[in-house]
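Novice: Model the structure of this input:
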Amino acid sequence: MHTRIGSRCAKDRSDELGGKIRGMQTMSTGRPGLWAFVLGCIAVTIGVALHLPMFLMARSMGYRMAGMPMDVGMLAGMALIVGGTVLAAYGLLPGDAMRLRRRLTHMTVTGLQDAPLRASHWVMMGALIVALVIDVMKPAALGFTLSGMTSEYGVSRATASLVPFAALSGTVAGSILWGFVADIYGRKASILLSAVMFVGTSICGAMPSLAWNIGMCFMMGAAAGGMLPVTYALLAEMMPNRHRGWSLVLIGGLGAAGGYFAASGLSALLQPIFGWRILWLANLPTGLLLILLGRLIPESPRFLVVQGRTHEAEMVLARFGGGRVTRQDAVFEDAVSIAPLPTLRNAGALVAFSIAALAWGCANFGLLLWLPADLVARGYSVGVASGLLAKASLIAVPTIFVAALLYSRWSSKGALLAALSMLVLGLVGVLWVERQSGIVSPVLPVAALIVGVNAIIAILLPYVAESFPARIRGRATGWVAACSKAGGLGAQGLAIAGAVPPLATVAGLILVPTAASFVLVAWLGRETKGRDVDVVQQTIGAYEPLRKDNDSD
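Specialist: Below is the predicted model:
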């Protein structure tokens, strides 16, 4: 037995040395890719800049560009944006990506999850908060542009609503797409590619027709849709076990709240001067800022390892507190009894999370938006109805901190179940209010509804990111994020068609999947607090003392 383990250790050392050599080779041959990415970013930036003269020419008309013909510079700029995006994507794509993905099952990283919290972790978290703020700003700005678009293009509000509908559709597609991109390109690379698309889609602010705005907003949504799940996937793999729970919930929550605050702040400062279009053109500087912040965001060591870039992976591990690269087949020859969760249970858990996300999307993008108008129709004052939305923003921030505390100190699974329970209570309360013949105070039911909605979105995606292995983490998190947008997409589709059902019916319909997801999560979910994000890591950790003892012999 000792002889066999000794041979394994020798094999590990040989593989480690070979990985360092291959990693150095990969770094040197990676320069063409770096230059392709840089040139792609420059081309996209120039392409956007070529749209600005037309925007500035409209200054005397209050920056109203409806009906203006596109000049040669704008058409050339579009070509540069498309070509630059393709070139940047090529520069980020690792060589022989599919072969590298197959190697993921044979290599893993150990020790990183037990590292102490360092300054590098705080820098990474700060950069990712800024990235999420920039990401959330894009769709959040939609609500501040509808009025201007309706006036400039001379269309009804229902027609103008096609713009946020297209953007939300883009986020659904983007969440799924970027999940695959994160598992092929890498976590950091997908964030950078999303930033390049942010820069390119800023030309939405210079489009002379509503149709062009709808198309560009779809692309903007596609770029923004995957940022949140990819960020969660990266954090789940980089943060130590003790700090992973609260950091995932807090960063996601602060990024979301900060994004809405930034969108409203920019609207208040710039829209009175430059009109609604400036909110889209702001994607240019913010997208470039996100690209520059890429230097502070590490690539996942697991992804670097499967590329053969072991030396770079070890540099990241050293920067974030240590760890080592290990071949699974060298460790698991005598450990076949310990394996990751069965595939059927993973699939069942994904179904449970997807149903919860759909219910959340319907509640957030449907019920909460329709509630004030319904209350006014029932006899409440406009001030009371409008105050509910103000209370929603006030309740959001403390809910994030409470959710982070419960998630990290009590139970990750229990925190999600508690959030689902609050949503159930809120829905039942809304049903009760709607069935009363007189005026009944809706404060408590609506408060429970708002707390449940804010807590679920703060907890759900971090929990999903922790519940699936690295090889499918990006896709699983992206799929659930897409489901959360899909619920809202259905609600907005009903609004555009003018087919919104009575609020009691809406609450009852949302209550069914919410209760079902509670039961499924209670049955199929697993506790992730304080545990390694991959069961494989736990198994390797159990064998580390045996290997150390053998080394001492």
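
Novice: what's near enough to touch the nearest residue to L449 once chain neighbours are set aside?
Specialist: Once flanking residues are discounted, L449 sits nearest to G426: 2.9 Å by C-beta to C-beta, 6 or more residues apart in numbering. C-betas here are computed from N, CA, C, even on glycine. By C-beta atoms under 8 Å, 6 or more residues apart in numbering, the contact set of G426 is P445, V446, A447, A448, L449, I450, V451, G452, V453.

Novice: before we move on, what about L75?
Specialist: Counting by C-beta under 8 Å, 6+ apart, L75 has no contacts.

Novice: how about it, secondary structure?
Specialist: helix (DSSP: H, G, I helix; E, B strand; the rest coil).

Novice: Quick one, grab the pLDDT at it.
Specialist: We have a pLDDT of 90 for L75.

Novice: ok, which stretches of the stretch 401-550 of the chain are strands?
Specialist: Here the stretch 401-550 of the chain has no strands by DSSP state E, counting those that start in this stretch.

Novice: export the contacts of G426 to JSON lines and tack on pLDDT, neighbour count and distance to A419?
Specialist: Converted to JSON lines, the contacts of G426 look like this (pLDDT from 0 to 100; neighbours: other C-beta atoms under 10 Å; distance: C-beta to C-beta, whole Å):
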{"residue": "P445", "pLDDT": "77", "neighbour count": "22", "distance to A419": "16"}
{"residue": "V446", "pLDDT": "75", "neighbour count": "23", "distance to A419": "16"}
{"residue": "A447", "pLDDT": "75", "neighbour count": "18", "distance to A419": "14"}
{"residue": "A448", "pLDDT": "80", "neighbour count": "20", "distance to A419": "11"}
{"residue": "L449", "pLDDT": "81", "neighbour count": "29", "distance to A419": "12"}
{"residue": "I450", "pLDDT": "77", "neighbour count": "26", "distance to A419": "12"}
{"residue": "V451", "pLDDT": "80", "neighbour count": "23", "distance to A419": "8"}
{"residue": "G452", "pLDDT": "84", "neighbour count": "25", "distance to A419": "6"}
{"residue": "V453", "pLDDT": "82", "neighbour count": "25", "distance to A419": "9"}
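
Novice: farthest-separated two in those residues?
Specialist: Pairwise distances across those peak at 12.6 Å for P445 and V453 (criterion: C-beta to C-beta).

Novice: Which residue ranges of the stretch 1-150 of the chain form strands?
Specialist: Using DSSP E, counting those that start in this stretch, strands in the stretch 1-150 of the chain cover 107-110.

Novice: Going by residue numbers, what spans are helices in it?
Specialist: Ranges of helices within the stretch 1-150 of the chain are 2-29, 31-49, 52-57, 72-92, 97-103, 119-140, 142-153, based on DSSP state H, counting those that start in this stretch.

Novice: Point out the other helices and strands that the shortest one packs with.
Specialist: For helix 52-57, the contact count by 3 or more C-beta pairs under 8 Å, 6 or more residues apart in numbering; DSSP states H and E identifies helix 72-92 as packing neighbours.

Novice: Against A359, how distant is the residue nearest to L449?
Specialist: 12 Å (C-beta to C-beta, to the nearest Å).

Novice: element containing the spatially most central residue of the chain, please.
Specialist: Closest to where the C-alpha atoms of the chain average out (C-alpha atoms, centre = their mean) is L228, at 1.1 Å. L228 belongs to helix 227-238 when assigned by DSSP states H and E.

Novice: any idea of the mean pLDDT for that helix?
Specialist: Mean predicted lDDT for helix 227-238 stands at 79.

Novice: Give me the distance from whatever helix or strand comes next after it to the chain's centre.
Specialist: Using DSSP H and E, the next helix or strand after helix 227-238 towards the C-terminus is helix 241-274. With C-alpha atoms, centre = their mean, to the nearest Å as the basis, helix 241-274 stands 13 Å off its chain's centre.

Novice: list the buried ones in helix 241-274?
Specialist: Residues 241-264, 266-267, 270-271, 274 are the ones in helix 241-274 that count as buried (16 or more other C-beta atoms under 10 Å).

Novice: Show me the helices in the stretch 301-450 of the chain, by range?
Specialist: 301-306, 310-319, 328-331, 343-362, 368-377, 382-405, 412-434, 443-467.

Novice: lowest-confidence stretch among those helices?
Specialist: Mean pLDDT across the helices of the stretch 301-450 of the chain is lowest at helix 328-331; the value there is a mean of 46.

Novice: before we move on, the earlier item: among the contacts of G426, which one sits closest to L234?
Specialist: If you rank the contacts of G426 by distance to L234 using C-beta to C-beta, V453 comes first, at 25.3 Å.

Novice: Check the gap between the closest one and P469 for me.
Specialist: 29 Å.

Novice: swap in M65?
Specialist: 49 Å.

Novice: quick one, what contacts G40?
Specialist: G40 touches G84, T85, V86, L87, A88, A89, Y90, G91, V196, counting by C-beta under 8 Å, 6+ apart.
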